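Asks: model this:
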Amino acid sequence: MIRHALAALSLMVLSVGLTSCAESGLPTDTSETSARAAAFPGQLTVTSTTGVRMIDLGVLEGEDPFALSTGYGINQATQVVGVSGNFAFLWSRNQGFQQLDIGPQGFAEALDINERGQVTGDRDFDCPDLAMGFIWHRGMWEDLGTLCGPACSTCEAGSTGRAVNNKGQIVGWSETAPFVSPDASDWNQHGFLWEDGEMTDLGSLDGWSEAWGINERGQVVGYTAGPGGPQACMWENGAIQPQLLGFDSFGWSIAVAINNVGTVVGWSNTEEGAQHAFRWRDGSMEDLGRSRTVIRIAWPRRSTIGV
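Replies: Now for the predicted structure:
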């Protein structure tokens, strides 16, 4: 089964993610003669019953057409970033696929892009079980570094850049002490805020944390270790300790994105033990329920949580 990145469009870009036509339940025989499809000549256009169009972006030139591609981020200019096979990519309407040249070629993934075209993600750097976060812009790139700093040797710490806002502030996660193994119970990993070459440790409540989203006000969301597992949290007003969003009585919860008015989305366990999407604002949580139409989150390879 071919699995390619898709961009979903109606009057504006709605979402981008990892899916396949067969799995989504959407029709696969949509005509490519519509005005929307004409903007993407030669690419499969899939239309849902609600009128949302999904454009098959394919894979990087020269790759196996049956290779996996995943779109992780998109901006208002319809620039899409993700991973195709083993390579980070930037896709646009005018130029199509562009492989991001990020150091010695190993596996690399682009996870987010802002309106200025700045891209963040992570890449291999010849260290087992570790990756290094990066920022890329107009063909230039640099590593984000780690929270461990000079206390760690080259292959003892890594990082991931998960989201970038229009100010160029990046959030993600990094080791704070030498990495032991993926299964180590004393894993030392904290969310960070990176700006102008400086990485700030966002702390945790109980051992480890990850930062997943940031808005233009500098509010950051993610999760921190807590009683019973990960707990959705927020960092704001320059705080270096997370504030729980209030789902701790239900078990696991993850906050993955925040908009400029402070609305947070993610998922949480319910009292019955199910996993539901949620929307949170000013201390109030709305249960979005479980639905076959909910777009699944594509998880970066270095996250401590998987689906």
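
Asks: by mean pLDDT, flag the weakest helix or strand of the chain.
Replies: One helix or strand of the chain scores below all others by mean pLDDT, DSSP states H and E: strand 13-18, with a mean of 33.

Asks: okay, now the unreliable bits of the stretch 1-150 of the chain?
Replies: Residues of the stretch 1-150 of the chain meeting the criterion pLDDT under 70: 1-49, 105.

Asks: after the helix or strand containing residue 234 comes which helix or strand?
Replies: Using DSSP states H and E, the element containing residue 234 is strand 229-235. Counting by DSSP H and E, the next helix or strand C-terminal to strand 229-235 is strand 243-244.

Asks: packing partners for that following strand?
Replies: If you count contacts as 3 or more Cβ pairs under 8 Å, 6 or more residues apart in numbering; DSSP states H and E, strand 243-244 packs onto strand 229-235. For every residue, glycine as well, the C-beta is placed using N, CA and C.

Asks: for the strand it packs on, list the C-alpha coordinates in PDB.
Replies: Provided in PDB are the C-alpha atoms of strand 229-235 (Å, rounded to 0.1, in the frame of the first residue of the first chain):
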ATOM      1  CA  GLY A 229       2.100   9.000  33.500                       C
ATOM      2  CA  PRO A 230       2.400  12.000  31.200                       C
ATOM      3  CA  GLN A 231       0.300  15.100  32.100                       C
ATOM      4  CA  ALA A 232      -0.600  17.900  29.600                       C
ATOM      5  CA  CYS A 233       0.900  21.100  30.700                       C
ATOM      6  CA  MET A 234       1.700  24.700  29.700                       C
ATOM      7  CA  TRP A 235       4.600  27.100  30.200                       C
END
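
Asks: list the strands paired with it, with their directions.
Replies: Within its sheet, and counting by DSSP bridges, strand 229-235 is paired with strand 220-226 (antiparallel), strand 243-244 (antiparallel).

Asks: contacts only, for the residue nearest to residue 118 when sequence neighbours are not counted.
Replies: Taking Cβ to Cβ, 6 or more residues apart in numbering, and ignoring the residues beside it in sequence, residue 118 has residue 137 as its nearest neighbour in space, at 4.7 Å. Contacts for residue 137 (Cβ atoms under 8 Å, 6 or more residues apart in numbering) come out as 116-119.
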